[in-house]
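K.L.:
pasting the structure only:
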């Protein structure tokens with residue numbers, strides 16, 4: 001379900017649609033893990049009434065296991081899959097009003113580790129970051145996209161300039 005929603009939300013009828021959809025297709029496993037993370041139980045008042053500390057620890061263990069699986073799979077990604085994963089995480093951010101900060105550490109790690117960014121991949125990141133109001137919280141997200149842009153050659157940076 002998350003995959004279909006992300007594909008629909010990612011379509012802008014622009015030259016970057018194919019890049020967005022290809023990234024989501026390439027790391028379908030990540031979309032599935034993000035879906036699991038979205039649907040896992042959360043600690044709330046009803047959870048507190050059900051089981052107190054034991055319920056809290058159970059919920060934390062479930063969430064930690066999924067996060068560890070995501071981190072492990074991201075660490076083992078190839079260059080191409082890593083770039084797709086970074087795009088996927090950025091596309092999934094702000095979905096259901098979840099901010100970029102939720103996946104910041106994963107995105108930063110992947111961007112610093114992988115190389116071979118294309119101008120179109122960087123343009124997807126820049127356009128995603130700048131879709132929302134720019135404020136001090138957006139600076140970190142913009143910085144991540146610019147870190148990938150720094151890996152481009154001069155021609156690549158010129159190609160990305162229209163999205164800046």
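P.N.:
Noted; the coordinates are in hand. As the structure is a prediction and not an experimental result, all values here were calculated from the model. Residues are numbered from 1 along each chain as shown.
K.L.:
Every contact and neighbour count from this point should use C-alpha atoms.
P.N.:
Will do.
K.L.:
Leaving out chain neighbours, which residue sits closest to residue 24?
P.N.:
Leaving aside its sequence neighbours, residue 24 sits nearest to residue 88 (CA to CA, 6 or more residues apart in numbering; 5.7 Å).
K.L.:
quick one: the one you found and residue 27 touch, right?
P.N.:
Yes - at 7.5 Å, residue 88 and residue 27 qualify as touching, with contact defined as CA atoms under 8 Å.
K.L.:
So for these two, which sits in the more crowded spot?
P.N.:
Each of residue 88 and residue 27 has its neighbours counted (other CA atoms under 10 Å); residue 88 has more, 26 against 22.
K.L.:
Can you tell me the element the more buried one falls in?
P.N.:
Element membership of residue 88, judged by DSSP states H and E, is helix 79-92.
K.L.:
Against which helices or strands is that helix packed?
P.N.:
On a contact count with 3 or more CA pairs under 8 Å, 6 or more residues apart in numbering; DSSP states H and E, helix 79-92 meets helix 2-10, helix 17-26, helix 28-39, helix 104-113, helix 119-129.
K.L.:
which of the residues in the lengthiest helix in the chain are buried?
P.N.:
In the chain, taking DSSP state H as the definition, the longest helix is helix 45-75. The neighbour-count criterion (16 or more other CA atoms under 10 Å) identifies 47, 55-56, 59, 63, 66, 70, 74 as the buried residues of helix 45-75.
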